[in-house]
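Asks: only the shape, not the letters, is given here:
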């Protein structure tokens, strides 16, 4: 059996621009943060400074694991 890198399925779902929200921590300066859209399918994240760039998509499990790490100060 040949060992190699497993192919990964791309996780994506439809999300409308109106679904994205910015954090209240930005102080009203949108250029300082990311935009997040939570849907029943998952969570989409994009750069608030350039919304035309790639959007990142996460499952709810992945997003919750990330938030847990942030709250536990795992990322310094």
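Replies: Perfect, thanks for sending it. Computed from a predicted structure; not experimentally measured.
Asks: pretty sure residue 36 sits in a strand.
Replies: Yes. Per DSSP: H, G, I helix; E, B strand; the rest coil, residue 36 lies within a strand segment.
Asks: what separation is there between it and residue 17?
Replies: Counting by C-beta to C-beta, to the nearest Å, the gap from residue 36 to residue 17 is 13 Å. For the C-beta atoms, the positions are set from N, CA and C on the backbone; glycine is no exception.
Asks: which one of the two is surrounded by more residues?
Replies: Of the pair residue 36 and residue 17, residue 36 is the one with more neighbours under other C-beta atoms under 10 Å, namely 18 against 9.
Asks: quick check: which ranges of the protein have low pLDDT?
Replies: For the chain, the stretches with pLDDT under 70 are 1-9, 24-32.
Asks: could you redo the last one with a cut-off of 80?
Replies: 1-11, 23-33, 51, 76 (pLDDT under 80).
Asks: show me where it has helices.
Replies: For the chain, the helices defined by DSSP state H cover 60-71.
Asks: the closest residue to residue 39 other than its chain neighbours: how many residues sit nearby?
Replies: Spatial nearest neighbour of residue 39, chain neighbours left out: residue 15 (6.0 Å); criterion: C-beta to C-beta, 6 or more residues apart in numbering. Applying other C-beta under 10 Å, we find 18 residues neighbouring residue 15.
Asks: now do the contacts for residue 15.
Replies: 37, 39, 44, 55 (C-beta atoms under 8 Å, 6 or more residues apart in numbering).
Asks: which pair in those residues spans the largest distance?
Replies: The distance between the two most remote of the contacts of residue 15 (C-beta to C-beta) is 12.0 Å, for 39 and 55.
Asks: residue closest to the middle of the protein?
Replies: Taking C-alpha atoms, centre = their mean as the criterion, residue 45 is the residue nearest the geometric centre of the chain, at 3.1 Å.
Asks: and it, bridged to which residues?
Replies: Counting by DSSP bridges, residue 45 forms beta bridges with residue 36, residue 56.
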